[in-house]
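1. Got a predicted structure here, sequence first:
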Amino acid sequence: MRFFYHFGNYLMLLQRVFKKPESGSLFRESFVRSCWDIGLGSAGIVAIVSLFTGMVTTVQTAYQLVASFIPKTTIGAIVSDSSILELAPTIMTLVLAGKIGSNIASEIGTMKVSEQIDALEVMGVNSASFLVLPKICAAIIMIPILVIFAEILCLVGGMIVGDITGILTTDEFIQGARSTFMPFTFYFSMIKAFTYSFFIASVASYQGYIITGGAREVGEASTKAVVYCCMIILLSDYILAQLLL
Amino acid sequence: MIVLKDIRKTFGDQEVLKGISATFMPGKVNMIIGASGSGKSVLMKTMVGLIVPTSGEVLLDGQNFYQLEEEDKKEIREKIGMLFQGAALFSSMTVEENVILPLKMFSNRSKSEMLDRVNLVLERVGLTGNNKKFPSEISGGMQKRVGIARAIVLNPAYLFCDEPNSGLDPLTSIKIDALIQEITQEYNITTVVNTHDMNSVMEIGDYILFAHKGEKSWEGNKTDILLSDNPILNQFVFATQFLQEFRTNRAKKL
């Protein structure tokens, strides 16, 4: 029953979110600030995680492919496909759910407990549209860009570590990656990124919105936001794979 | 003018407001007093549209707020200014950005006209020159003043103040009270103040509504309160020996 209660409330919040903003200029200001926070604010962690993910994937793939008749280019193919298909869009958005999700939930939650959202409502401002819509729009634009960035760095990380450790040369890596590359793999990763980014921003905003209480509840909402975002990402990862692959 | 007719509000099994009726006049500081849990905050939130009453009518200049269409409600909301207990300033915005926000939302003025208006209201609340400061860089009293400036920037017809003096020292409280009273009279606003502060009540209360356990237990003005024989009101208002002596002395003079 609690699930249906929250699901219904979540849909009602979305209904309020997707209404025309009262002020175009304030929406643009808030949207640009959110793009900055979500995009540039997360670029560092995305770079580190994706570089190391690519490096580790190359080393582990090489460790498992011990047979001498398997060409080394296969390592490049496996690292490339797994990076584009799963590691960059899913693992990276799980990391982003932790960073961006908790950030959004605690920001909106703090505004709720300090009556800032009430202040907007009393002014006649649709607080859901004013606060949440710019964040959803920014997430939908910036997270896929971060995923593309992560895909590139995963490949670069894998390629560098392969060359340095002598597992395979850069040419072999690129040859392997190109041999199995299908454009749909990339499109599929973008579909995933758009889907997850919407859920990260909207679910985290909902968790912040429903807070009643004080600092403790803000912390709890932040944790819940991350947990629910991760669960939804994993569930939708399976559903999308089942439907589209 | 605000008229409340038989306002009731129930949360689950608990009836928090049990049929409160009252009339708040323009140009007057109308005060709602009562102990914690008496329902005064819920009553104020029903007046500003944050809590929908279970039954009853909230009439703002004759219009029943809860029977209006969404667009009409929005028009009424633009006439409402509210000062929150913690000021509720947007922490990521400067003083100027906080005050200009309602203008950006609801007026078609040019940027320079908006800034002129912001500077005027900041001057009115005694905060000239603080435009670029963030809420975290100013004192609690100044934050309340910014809250008042934001509340009056659109020339509201109704001003609601929730515990305007909470957390403030007595001197600052007096200044905030004086400011609320001046603004109310200057702009002929219907002001409703929710407070525990008996000093405020005795200084600026033109009309006082005493709420007790969700009911209107007493109403009158600051002169009547000294002569009231309502035992619950007297227990609340004159809780200390000092205030009891004050009451006796003032009553003798009257």
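-> Structure received. Quick caveat: nothing in here was measured; it's all calculated off a predicted structure.
2. what's near enough to touch residue 74?
-> Just going to use chain A. A:65, A:176 (C-beta atoms under 8 Å, 6 or more residues apart in numbering or on different chains). Placement of C-beta: from N, CA and C, glycine included.
3. if you could check chain B rather than the one you did, that'd help
-> Contact partners of residue B:74, counting by C-beta under 8 Å, 6+ apart, are residue A:124.
4. Can you name the next helix or strand after the strand or helix carrying it?
-> Counting by DSSP states H and E, the element that carries residue B:74 is helix B:70-77. Where DSSP H and E defines the elements, the next helix or strand beyond helix B:70-77 is strand B:80-83.
5. So which residues make contact with that next one?
-> Contacts of strand B:80-83 (C-beta under 8 Å, 6+ apart): A:119, A:122-124, B:48-49, B:144, B:147-148, B:150-154, B:156-162, B:164, B:189.
6. Can you give me the distance of residue A:92 to residue A:43?
-> 11 Å (C-beta to C-beta, to the nearest Å).
7. what does residue B:226 give?
-> In terms of C-beta to C-beta, residue B:226 sits 67 Å off from residue A:43.
8. returning to what we had before: just the contacts of strand B:80-83: which are in helices?
-> Among these, the members falling in helices (DSSP state H) are A:119, A:122, A:123, B:48, B:144, B:147, B:148, B:150, B:151, B:152.
9. hang on, the earlier thing: who has more neighbours, residue A:92 and residue A:43?
-> Comparing residue A:92 with residue A:43 by other C-beta atoms under 10 Å in any protein chain shown, the one with more neighbours is residue A:92, at 28 against 15.
10. any idea whether that one is helix, strand or coil?
-> When classified by DSSP: H, G, I helix; E, B strand; the rest coil, residue A:92 comes out as helix.
11. Name all residues that make contact with it.
-> Residues in contact with residue A:92 (C-beta under 8 Å, 6+ apart) are A:46, A:49, A:50, A:146, A:147, A:150.
12. which element is the second one on?
-> Per DSSP H and E: residue A:49 is located in helix A:41-64.
13. can that helix be found next to chain B?
-> No - Helix A:41-64 does not reach chain B (C-beta under 8 Å from any C-beta of the partner chain); its nearest approach is 14.1 Å.
14. Verify the stated contact: residue A:236 with residue A:197.
-> No - using C-beta atoms under 8 Å, residue A:236 makes no contact with residue A:197, being 11.3 Å away.
15. Of these two, give the one with the bigger neighbour count.
-> Between residue A:236 and residue A:197, counting by other C-beta under 10 Å, residue A:197 is the more crowded of the two (28 against 16).
16. so where does that one fall, helix or strand?
-> helix A:183-209.
17. Name the residues of that helix that are buried.
-> A:185, A:188-189, A:191-209 (16 or more other C-beta atoms under 10 Å in any protein chain shown).
18. Of all residues in chain B, which one is nearest the centre?
-> residue B:161 (2.2 Å; C-alpha atoms, centre = their mean).
19. I'd like to know how far residue B:149 sits from chain A.
-> Using C-beta to the nearest C-beta, to the nearest Å, we find residue B:149 at a distance of 13 Å from chain A.
20. got it, and residue B:69?
-> 13 Å.
21. so what's the residue of chain A at minimum distance from chain B up against?
-> Nearest residue of chain A to chain B (C-beta to the nearest C-beta) works out as residue A:124 at 3.2 Å. Residue A:124 is in contact with B:73, B:74, B:77, B:78, B:80, B:105, B:106, counting by C-beta under 8 Å, 6+ apart.
22. do that again at 10 Å, thanks
-> A:22, B:49, B:73-80, B:102, B:105-106, B:154 (C-beta atoms under 10 Å, 6 or more residues apart in numbering or on different chains).
23. Would you mind naming the residues that bridge with the residue nearest to the centre of chain B?
-> Beta bridges link residue B:161 to residue B:83, residue B:193, judged by DSSP bridges.
24. For it, give me its contacts.
-> So residue B:161 contacts B:29, B:31, B:44, B:81-85, B:144, B:147-148, B:151, B:176-177, B:180, B:184, B:191-195, B:200 (C-beta under 10 Å, 6+ apart).
25. try it again with 8 Å
-> Taking C-beta under 8 Å, 6+ apart as the test, what residue B:161 contacts is B:82, B:83, B:148, B:180, B:191, B:192, B:193, B:194, B:195.
26. How about the secondary structure of residue A:4?
-> Under three-state DSSP, residue A:4 comes out as helix.
27. What about it, how many residues nearby?
-> 8.
28. so which strand or helix has residue A:227?
-> Going by DSSP H and E, residue A:227 is in helix A:215-244.
29. does chain B sit close to that helix?
-> No - legend: contact between helix A:215-244 and chain B by C-beta under 8 Å from any C-beta is lacking; minimum distance shown is 13.2 Å.
30. Can you get me the centre-to-centre distance for that helix and its chain?
-> 11 Å (C-alpha atoms, centre = their mean, to the nearest Å).
31. mean confidence for it?
-> For helix A:215-244, mean pLDDT is 94.
32. Using PDB, list the CA coordinates for stretch A:117-131.
-> Taking Å, rounded to 0.1, in the frame of the first residue of the first chain, the C-alpha atoms of stretch A:117-131 are listed here in PDB:
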ATOM      1  CA  ILE A 117       9.100  25.900  -0.300                       C
ATOM      2  CA  ASP A 118       6.100  27.200   1.700                       C
ATOM      3  CA  ALA A 119       7.400  30.700   1.000                       C
ATOM      4  CA  LEU A 120       7.300  30.000  -2.700                       C
ATOM      5  CA  GLU A 121       3.800  28.500  -2.500                       C
ATOM      6  CA  VAL A 122       2.400  31.500  -0.500                       C
ATOM      7  CA  MET A 123       3.800  33.800  -3.200                       C
ATOM      8  CA  GLY A 124       1.800  31.800  -5.800                       C
ATOM      9  CA  VAL A 125       4.800  30.200  -7.300                       C
ATOM     10  CA  ASN A 126       4.500  26.600  -8.500                       C
ATOM     11  CA  SER A 127       7.400  25.400  -6.400                       C
ATOM     12  CA  ALA A 128       7.600  22.000  -8.100                       C
ATOM     13  CA  SER A 129       8.000  23.500 -11.500                       C
ATOM     14  CA  PHE A 130      10.300  26.200 -10.200                       C
ATOM     15  CA  LEU A 131      12.700  23.900  -8.300                       C
END
